[in-house]
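Visitor: A structural model of the following input is requested.
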Amino acid sequence: MSPQLPPWAPGASLETLRLRARLLARTRTFFASRGLLEVDTPALMSCGVTDPQIHCLRAELPGLAGRQGYLQSSPEYAMKRLLAAGSGDIFQICHVFRGEEQGPLHNGEFTLIEWYRLGYSLEALMEEVDALVRELLGAAAGGASERVSYTQLLERTLGIDALQDSVASLRSAAEALGFDARLTQQLERDGLLDLLIGARVGPGLGLQAPCYVHRYPASQASLARLDPHDERVALRFELYRAGVELANGFEELSNATQQRERFAADQQLRAARGLPVPEIDERLLAALGSGLPPCAGVAVGFDRLVMLASGAAHISEALPFAVDRA
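Guide: Predicted structure coming up:
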């Protein structure tokens, strides 16, 4: 963002704001042509997420005697409740919020495109994500997409076996790449893998074309189903283009008991790290218990797509007003 801009001015140019509007219109046309229903769920709800990597912002729920709610980091929980109620294929374009996220690729408030497809496999969902990205980015999408499993990627780039190498081996690998031992000693397996992917592998992905990294370790399953052919891995993927993570998708876990166990494990990990421990979303679990149809879902960072389409170097150049100008 230019330092000459007065403090009242938008961070994005008028040309970029017009581009945002065109891309939003094309996104809605894309989903309408495929028969998805557009939905609109609350940004403020009674529960946040238990994911230890996500920090939800708290806010008072109006009219409920001072009860605290959470600004949503994703519309996922509410959209799954709609799926359980029989909505069929749905999509949403919405503002979401995450604490402690600010930088060239992060703003505390940002725009997600999120959608769910009944009966879709991970592979079918990756195909649809690719179609949307090419619709929105055109030539900037690059050449033919690459797909690589998480384990293949780390073996190829760092010589690491993500599923079998010990924590000590992962620490040694990270330190050999220049990471401080004071940092690596604080991290367990998933933290070390995230460090290596985020700082060493991710920035080199998708430089010429979209790269889909799929089948993450089961410990990083989040709300995803495990692969029935190898339960060491989850049916999850992330999309990278130009070294930027654009999307996170998976075949959805529909078993309420397993989902409760994962939420409880998240709570224990958050407590061990001294983080706030949000309540488990019982309404989501009740919806899963009532019967979530087999489906796959994905969230795509719209502002990052605008960055790629416009050539912006900082997310503030793709937004009307980033948090420092809001």
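
Visitor: which residue is the nearest non-sequential neighbour of residue 181?
Guide: residue 175 (5.6 Å; C-beta to C-beta, 6 or more residues apart in numbering). To be clear about C-beta, it is placed using only N, CA and C from the backbone, and glycine gets the same treatment.

Visitor: what's the model's confidence in stretch 275-282, averaged?
Guide: Summarised as a single mean, pLDDT over stretch 275-282 is 95.

Visitor: who touches it?
Guide: 46-50, 52, 55-56, 70, 77, 260, 263-264, 267, 270-271 (C-beta atoms under 8 Å, 6 or more residues apart in numbering).

Visitor: start to end distance for that stretch?
Guide: Counting by C-alpha to C-alpha, to the nearest Å, you get 21 Å between the two ends of stretch 275-282.

Visitor: mind listing what's buried in it?
Guide: Residues of stretch 275-282 classed as buried by neighbour count (16 or more other C-beta atoms under 10 Å): 278, 280-281.

Visitor: same check, this time on stretch 53-70
Guide: By neighbour count on 16+ other C-beta under 10 Å, the buried set for stretch 53-70 is 54-57, 69-70.

Visitor: wait, the residue nearest to residue 181 sits on residue 182?
Guide: No: shown here, residue 175 and residue 182 do not form a contact pair, counting by C-beta atoms under 8 Å, at 10.3 Å.

Visitor: neighbour-wise, which of the two wins?
Guide: More neighbours surround residue 175 than the other of residue 175 and residue 182, with 14 against 7 (other C-beta atoms under 10 Å).

Visitor: and residue 50, how many neighbours?
Guide: 22.

Visitor: quick check: it touching residue 263?
Guide: Yes: between residue 50 and residue 263 there is a contact under C-beta under 8 Å: 4.8 Å.

Visitor: residue 23 versus residue 102, what's the distance?
Guide: As for residue 102, its distance to residue 23 is 23 Å (criterion: C-beta to C-beta, to the nearest Å).
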